[in-house]
Structure formats: structure tokens, C-alpha cells
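**Student:** fold the following, please.
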Amino acid sequence: MRVDPTRLEIFKNLFHSAAEEMGATLRRSAFSPNIKERRDYSCAVYEADGEVLAMGDHMPVHLGSMPASVAAARRAFALAPGDMVVLNDPFSGGTHLPDLTMVMPVYLPGRRRPTFYAANRAHHADIGGALAGSMGPAREIYQEGLRIPPVKIFEDGRLKRDVMALLLANVRTPAEREGERKYGEAEVLRYARHLLDYSAAMMRSALVALPRGTFAAEDFLDDDGVSDHPLRIAVRIRLDKNKAEVDFSGSSPQCKGNVNAVEAIAVSAVYYVFRCLLAEEVPATSGLLRPIRVIAPPGTIVNARPPAAVAGGNVETSQRIVDTLLRALAKAIPARIPAASQGTMNNFTLGGLDPRNANAPFAYYETTAGGMGARPGLEGASAIHTHMTNSWHTPVEVLEQVYPVRLHAYRVRRGSGGRGQYRGGDGIIREMELLTDADVGLLCDRRRRAPYGLSGGEAGKPGKNKLLRKGKVTVLPGKCSFHAVAGSVLRIETPGGGGWGRSKKKTGA
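**Tutor:** Alright, predicted model coming up:
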């Protein structure tokens, strides 16, 4: 069937703008600084069979895995007009428990089945569990918070108050948790399918341009927070004409700690990396994955099975999977691949009772930026979120107004980027005083193993965590939880990115 390229571009932007508008509305209507200020959310539009038509420019780790949650919602219910499903189960396509996904069918008049689905995913500051912020060290998913399989939270346009009451009863901060048709239906659906086919064709075209062969790499997480043993992520990328196979066989078995990733996370990381090989204007649809086969052996750290703890798999293991994929691709196309970025989200949670607000419970969560890896021909950016995260920092003014903390330092960590012909970006230093007793959780990596350089570039500096109290400095492990008294100061120094290329030696006169 003949496709009008002008019309294809129009529909690409129509679907994309719908996802972007969903995100803007979600941000404006949110109560939580975690969503409103840090923008830890993602939105996407799906066609009737659950394939992605468009993604907002939001969080890669959300967007690549969210189709599995849409599929889980579709399997669980025959959704009618006015229905909406909520879920966060990582073993049903979720990422980790604080990320709640909402899935809603879109019916056109007179239709008996959905024509589209709309979905969003947002990180809530608390979803229960043993530690405020629901991101602390754990050995089973049951310790991490409330695990929600697909359940209807709206039915026939009405809120299911019993389901909402159940959710709110299991979190520390319940109060915070609480168009015209221009084109005909036939044309809209036809161009939706064209977008999927076009995306697949563009990916095949990109794969044809890559050298054929098998390219392997490995990288390691520092530990799982339970033992000191490093955890291996191995990958073999086989490129053959217009297709690719990404095989994670040889990766470590799933672990006792919470850095296990579910299969949707591994697929999401593959989607992200291979999408980065394409021009930005290529539609971000499910079609991009059609030429790519992903092998993630069950029971490994990249495809953990219940009841594994998984909070860190979303934020830390996803980053290391990306690092490993890029390291393998650097052997195929070295002139296009950057050195390792900081490789961690430096997760920080804080919870307790706020004396400024009648001792009301509070819970806070943030990810912390670091250095970007240097690229062929370009230095890495400093103090920036990279790869599987695309969130912001909470502004200092908002942070100090909403939570009982005071920021002492928030600056670039000069010299932490790896040296090379092109230098890696620097991390940051974020130093925060607690104005009340509080429970603190840290979930960080790249504290022992530095972000690698490429083509002779040096590694970036690993990160550091410290607690300062009455002149005493305590070095903290990357993954830990503890109770801190008022007046304690937490200092997080994030990793720098790796350098790219050998430094040019200066010669004498």
C-alpha cells in the first residue's frame, strides 16, 4: 500500500504530541515534588494490540519496559470504556514497586474494542515496605513495599474506592499519593501501522550499516548490598545483515540483594541503546525491536524470578546493562560509541516525622546526576543524568521548603571525569543536613569499579558516600540504610564519566 511520507510525518508528530501532552498534564496536576519537580514519570500511546505508537521524551527505563505492563493489563481484563488499571508488579512488566503504571483503553464511538491505549508510569516517593522511600536494601520483594498486580482502579468512569483505600493504607504519605477528531478512523489506524513498519525498516537499515560479526563484553556491579561479591553482566551481540541478537547468557545468577532486574528492564536497555544508533526523528515505536532478538536467561540478574528483590534492578542494573551493551558495540563501531557515563542513579531516600508540620510523616526520594562519558570528538557533559534516567533534581528552594533538610553544597565535582583526548564529564557533590532524626537509604553503584574509558581514555573517578556528624566522618557503602540523628550531614560525591582517546603528549621546543 502506498504511503504518503508527508502524512506519515504528520501522524508521527500527532501521536508523539499526545504522549507529550499527557506528560505535561501529569506534571501540572501532581502533588509530589518527585513528579512535579524531578519529572520522574513517562507517558506513551499504544495501538489496539499493545504496540507502542509514540513515547514522550521522558524516562528510557520506563518507556522501554512499559509495553509489558500494558500487555499484562490487557491479559488481566477486557477493559471497557471508563476503565483504568493500576499495577507496579515488576514481574508483570513493572520496573520497581515505587513506579506505578496506569493503563487506560481509548474507545472510538461505536467500537466494541479499544482502538488505542494510553499509559503513564510515575515514581511515587513511598509505596510502603520496610524503609521510607521504598528503595532500601532488601532480600525479598515483600520487604520493598506493596506489590500490585493489574487491578482496576476505575470502572465505568468511577473510582474504585476500596482499591484506593487499600493502596493508601499501605503508604506513609497517603495525602500525596492521592479532543477533536480531524482524521477518519481508517486513516488514523492505517498510519499507525505504517509507523510501526517504518520504524522496523529504519532499524533494519541501521543494522545493515553495521559490521557483521559477534561482539562480546562484560561489566560488573560493585555488589548487591548483602555480600561484597561483584555481579557480572555479560553480553554477546550478533550482527547479521539486517538483524541482531543480544544474548545475556553468562550473566550472574539472581542475587540475594535488590539489584535483580526483570526481563522487561533488559529489553528496555536494549531498546534504548539500539534506538541511540538511529536519527532522532525516527518514530519511537515497538517496531524498532522487530529485527532484534533478546535472550535473557531466567533466574539471572537480567531476568530474575519471584520473589527476588528488584528495586535496584530498575535504577542500577539497567545502567550497567547499558554500559555493557555500549562496550560491546564499541568493538564494532568504535567511532560512534561513548565511554561509560557515571553508571548509577545514586539513589537516596529519606523518611521520618517532620517537626515543622505537627510531626506528619514524610518520605523523599531522588536520583543524583553525575558525569557523562566522553564521546568521539566531544567531551562528556558534567552534572547530568544519563542513559536510563532522564529526571531532574528537586530545586533547592522546593527541597528545603517541603522537607526538613538544609543543603550545604551542590556543585560540580571537579576533576572526577576521566582524562583522555576528550575528557569525561565531572560528577557532582551534594551535601545535605538533616534537620530532624530520619531513616536514610542509599542505593548506589560505581563506588568500587570506576566508569571505563574507551580508545585509550582513562576511567572516571568512582563515587563516594559519607556521613558527617560532630566532626566525625564515616565512609558509607554504596548500598545501605541507617537511622541518622538531627544535625547529621550526608555527602554524596557522584562518579565522573570515562575519557575517550589517548591524551596527546606535549612535546618540548
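**Student:** return the set of buried residues in stretch 429-437.
**Tutor:** Across stretch 429-437, burial judged by 16 or more other CB atoms under 10 Å covers 429-432, 434-436. The way it works is simple: take the backbone N, C-alpha and C, and place the C-beta from them, glycine included.
**Student:** ugh, typo on my part, it should be stretch 320-336
**Tutor:** 320-330, 332.
**Student:** helix or strand: which one has the residue nearest the centre of the chain?
**Tutor:** By CA atoms, centre = their mean, the chain has its centre lying nearest to Val61, at 3.1 Å. Using DSSP states H and E, Val61 sits in helix 60-63.
**Student:** now do the very next helix or strand once past that helix: distance to the chain's middle.
**Tutor:** Moving toward the C-terminus from helix 60-63, the next helix or strand (DSSP H and E) is helix 66-76. Helix 66-76 has its C-alpha centroid displaced from the chain centroid by 18 Å (CA atoms, centre = their mean, to the nearest Å).
**Student:** now do helix 66-76, average pLDDT.
**Tutor:** Mean pLDDT, helix 66-76: 94.
**Student:** please apply the same query to stretch 304-311.
**Tutor:** 95.
**Student:** what's the end-to-end length of that stretch?
**Tutor:** End-to-end distance for stretch 304-311, by CA to CA, to the nearest Å: 12 Å.
**Student:** now that stretch: buried residues?
**Tutor:** Neighbour count says stretch 304-311 has 304, 308-311 buried, by 16+ other CB under 10 Å.
**Student:** about what we covered before: ok, the residue nearest to the centre of the chain to Ser455 distance?
**Tutor:** 27 Å (CB to CB, to the nearest Å).
**Student:** ok, Ala165 next?
**Tutor:** Note on Ala165: its distance to Ser455, by CB to CB, is 57 Å.
**Student:** check what pLDDT Phe31 gets.
**Tutor:** You'll see Phe31 listed with a pLDDT of 81.
**Student:** OK, contacts around it?
**Tutor:** 175-176, 178 (CB atoms under 8 Å, 6 or more residues apart in numbering).
**Student:** pull out the buried positions in the helix or strand bottoming out on mean pLDDT in the chain.
**Tutor:** Ranking every helix and strand in the chain by mean pLDDT, DSSP states H and E puts helix 174-177 at the bottom, with a mean of 80. By neighbour count on 16+ other CB under 10 Å, the buried set for helix 174-177 is 176-177.
**Student:** what sits up against that helix?
**Tutor:** Contacts of helix 174-177 (CB under 8 Å, 6+ apart): 31-32, 124-126, 167-168, 171.
**Student:** and which of those is nearest Ala409?
**Tutor:** Among these, Ala125 lies closest to Ala409 (CB to CB), at 23.1 Å.
**Student:** quick one: that closest one and Asn34 touch, right?
**Tutor:** Yes. Using CB atoms under 8 Å, Ala125 is in contact with Asn34, at 4.8 Å.
**Student:** give me the common contacts of those two.
**Tutor:** 364-365.
**Student:** which parts of the stretch 201-350 of the chain are strands?
**Tutor:** Counting by DSSP state E, counting those that start in this stretch, the stretch 201-350 of the chain has strands at residues 213-221, 231-240, 243-247, 292-295, 347-354.
**Student:** actually, the stretch 401-509 of the chain.
**Tutor:** 405-413, 427-434, 438-443, 464-469, 472-476, 479-484, 489-493.
**Student:** of these, which is nearest Val103?
**Tutor:** Among the strands of the stretch 401-509 of the chain, strand 438-443 sits nearest to Val103 (CB to CB), with 27.3 Å.
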